[in-house]
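A.B. asks: This is a predicted model, with the sequence first.
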Amino acid sequence: LQGLAETELALAGLRGGILTEELYRTAKMQGFLDKTVLRLTGLDALPFEKLRASYKMVDTCAAEFSAKTPYFYSTFDEENEAAQFIAEHPSDRKKVLVFGSGPIRIGQGIEFDYCSVHCTWVLKSHGCEAVIVNNNPETVSTDFDTGDRLYFDPLTEESVEHIIATEKPWACVVQFGGQTAIKLTKHLTKLGVKLLGTSADAIDEAEDRERFDALLEKCGIPRPQGHTVFTCDEALAAGAQLGYPVLLRPSYVLGGQNMIIAYNENDVREYMAIITSHVDMSNPVLVDKYLMGTECEVDAICDGEDFLIPGMMEHIERAGIHSGDSISVYPPQNLKQKIKGTIVDYTGRLARALNVVGLMNIQFVVYNNEVFIIEVNPRSSRTVPYISKVTGVPMVELAVRCMLGEKLRDMGYGTGLYPTGDYCAVKVPVFSFEKLHDVDTQLGPEMKSTGEVLGIDKTFEDALLKGLVGAGYSLRQPTPGKCVILTVKDADKRELVDIAWQLKDMGYKLYGTSGTAYYLGQNMVACNEVRKLSEARPNIMDLFESGLVDYVISTSSKGRIPSHDSVKMRRKAVELSIPCLTAIDTARVLVKCLRSGKTLADVDLVDISTI
């Protein structure tokens, strides 16, 4: 660490001076990227030729036995063992690089690894040499026998450039590694590398706000009004013009990172101050009018002409909560046939306009019986494994075959919307808040879930019950003295009345903070007032410590500051393993399950292979 610090100080000390090859080589040997060297030295370009990475083979037997496994990592040694291996094992198969999703973290799920692995298998079965680039040891894609070769390296532009120089592939695939892989598209195009599937220009058209707006205009598809901004003043002007609340997010986001719903000018100022100091502003911030409607999404397979939608999904939670954190239901339970038809129509228009080849994910919001486009991702999504499993349509296989030149109509699954089965599948997110200290459990545009479970049954109610139990919800029936704590923002109070009445009818004692308790009392639902954590005792803390609290329903308009009462209360609920519901829609479906009186023992286990 001291050596790294000394090299960084030496580079920064130049500030436009002469960079020696010796110092540059030292920096590269220690892992400094070229762009980091340029940033620290203040140089516009290196004064000599870039140092190319070489590759070493991982010794899978730790030198105990002689082992040759085509599993490589980069260094800056004189000897390139990857090049030697390729020379010793010549092949006339077409070589394809498959880019994974990098380290699995919140916002970048294991689902993309599923897609990368299936893509590799299909490429190999169709006579290609599949070479994986990924750097997470905890995934199947980085098992040494998944691809023909594996490069365990960061998914940065420089690292990818070095791998391509060694491998000299026929083509690359970026569709199955999520946003991390898609962000490499522009650089790969500059390098002159062929992309299998959707073109780099079409990917940029879907990601670039102004180009995407023009595309939607041409296709006659509505979207929430929005603007692109670079400064706080521009963001404030956009918020005033659109009317609050508005959704703010950077371009090319991963897992909803750095996205918020701003309810007033102060929220915008706070957000822009943070974002402009921490995020590369070469791409603008997007400001959209926030529509609180029903969110739904589709994954489509396209061959440039036809498209196939294996399944349509409806989210339980309304727009504003990240799709990875929403309870997702297949098939939709509340969408009218006209709305479904519009979604299929819009999907077809976009697939053809973008000339998508492979996979595409589209997120919609249904607001006042009108369908709006939220965003289009010309790549695989988190729901691909989910829909593949519940419909039996091998989405990745079909997508890769399209990318290799086959047509959907010849694959045996038809086109348009795939027929819906007589069963229901519910995807429920799983969270790890007890392991993530000081993180507010309030759900919002930024993804916080760390996994998901699948409940499947003949009816929505039973599938939902399985999903909730699988995700860790206790679904306990009330016993004498047990209570529920209610504290919700003004926008949710009206809908809370019916939920609170149902909990009261089940036998729960209700406690609410002053505003919530007063509103429920005004609407004929008896609710005891309880003081907030920051107020004099006895307060909510005493209720928690009594062991009588079964559930907490807490929604707040602002939840980013750890010192807020609402945030502290939700963290306390997590510490005590008390289910804390932060979206009114989640609370509604949970209460529906509770009132059914069923437990997992009352629901038949279903053999998925029979449906």
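C.D. replies: Thanks, I have the structure now.

A.B. asks: Make sure residue 335 is actually in contact with residue 365.
C.D. replies: No. Contact criterion C-beta atoms under 8 Å: residue 335 and residue 365 do not qualify, at 11.9 Å. Bear in mind the C-beta positions are built from the backbone N, C-alpha and C, glycine included.

A.B. asks: Which of these two has more residues huddled nearby?
C.D. replies: residue 365 (23 against 19; other C-beta atoms under 10 Å).

A.B. asks: For the more buried one, what are phi and psi?
C.D. replies: phi -130, psi 130 (degrees, to the nearest 10).

A.B. asks: Would you quantify the distance from residue 29 to residue 436?
C.D. replies: With distances taken as C-beta to C-beta, to the nearest Å, residue 29 is found 35 Å from residue 436.

A.B. asks: which residues are common contacts for residue 335 and residue 365?
C.D. replies: Residues touching both residue 335 and residue 365 by C-beta atoms under 8 Å, 6 or more residues apart in numbering: 294, 296.

A.B. asks: if I pick the closest residue to residue 229 other than its chain neighbours, what's in contact with it?
C.D. replies: The shortest distance from residue 229 to any residue other than its chain neighbours is 4.6 Å, reached at residue 235 (C-beta to C-beta, 6 or more residues apart in numbering). Shown in contact with residue 235 (C-beta under 8 Å, 6+ apart): 229, 248, 268, 271-272, 285, 287.

A.B. asks: Okay, and residue 235 sits in which element?
C.D. replies: helix 232-242 (DSSP states H and E).

A.B. asks: Tell me which residues are up against the helix or strand following that helix.
C.D. replies: As assigned by DSSP H and E, the chain's next helix or strand after helix 232-242 is strand 246-250. Outside strand 246-250, the residues within contact range by C-beta under 8 Å, 6+ apart are 224, 235, 238-239, 256-262, 268, 271-272, 275, 279, 283-290, 320, 445.

A.B. asks: what angle separates strand 246-250 from helix 232-242?
C.D. replies: Orientation check (axes from the mean of the first three to the mean of the last three C-alpha atoms, to 10 degrees): strand 246-250 against helix 232-242 gives 140 degrees.

A.B. asks: List the pairing partners of the helix or strand just after strand 246-250 within its sheet, with orientation.
C.D. replies: Note on strand 246-250: by DSSP H and E, the next helix or strand toward the C-terminus is strand 260-262. Its sheet considered, strand 260-262 pairs with strand 246-250 (antiparallel) by DSSP bridges.

A.B. asks: Just the buried residues of the partner strand, please?
C.D. replies: By 16 or more other C-beta atoms under 10 Å, the buried positions in strand 246-250 come out as 246-250.

A.B. asks: can you give me the offset of it from its chain's centre?
C.D. replies: The chain centroid and the centroid of strand 246-250 are separated by 16 Å under C-alpha atoms, centre = their mean, to the nearest Å.

A.B. asks: Please apply the same query to stretch 13-33.
C.D. replies: Taking C-alpha atoms, centre = their mean, one finds stretch 13-33 lying 37 Å from the centre of the chain it belongs to.

A.B. asks: quick one: low-confidence parts of the stretch 501-611 of the chain?
C.D. replies: Scanning the stretch 501-611 of the chain for pLDDT under 70 picks out the ranges 557-563, 604-611.

A.B. asks: An error on my part: the question was meant for the stretch 151-300 of the chain.
C.D. replies: Using pLDDT under 70, the flagged stretches of the stretch 151-300 of the chain are 251-258, 277-282.

A.B. asks: show me where it has helices.
C.D. replies: 157-167, 178-182, 185-190, 200-207, 209-219, 232-242, 265-278 (DSSP state H, counting those that start in this stretch).

A.B. asks: out of these, deepest packed?
C.D. replies: Highest mean neighbour count among the helices of the stretch 151-300 of the chain (mean count of other C-beta atoms under 10 Å): helix 178-182, with a mean of 24.

A.B. asks: returning to what we had before: which ChimeraX command selects the buried ones in the contacts of strand 246-250?
C.D. replies: Applied in ChimeraX, the following selects the buried portion of the contacts of strand 246-250 according to 16+ other C-beta under 10 Å:
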select :224,235,238,239,256,257,258,259,260,261,262,268,271,272,275,283,284,285,286,287,288,289,290,320,445
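
A.B. asks: need the strands for the stretch 251-400 of the chain, in chain order.
C.D. replies: Assigned by DSSP state E, counting those that start in this stretch, the stretch 251-400 of the chain shows strands spanning 260-262, 285-289, 294-303, 307-315, 328-330, 357-367, 370-377.

A.B. asks: I'd like these laid out as CSV, including distance to residue 213.
C.D. replies: Converted to CSV, the strands of the stretch 251-400 of the chain look like this (distance: least, C-beta to C-beta, whole Å):
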stretch, distance to residue 213
strand 260-262, 21
strand 285-289, 11
strand 294-303, 20
strand 307-315, 22
strand 328-330, 27
strand 357-367, 15
strand 370-377, 10
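
A.B. asks: for these, which one sits closest to residue 449?
C.D. replies: Nearest to residue 449, of all the strands of the stretch 251-400 of the chain, is strand 328-330, at 11.4 Å by C-beta to C-beta.

A.B. asks: gap between the closest one and the chain center?
C.D. replies: 16 Å.

A.B. asks: packing partners for that strand?
C.D. replies: Under the contact criterion of 3 or more C-beta pairs under 8 Å, 6 or more residues apart in numbering; DSSP states H and E, strand 328-330 touches strand 307-315, helix 384-391, strand 424-430, helix 460-470.
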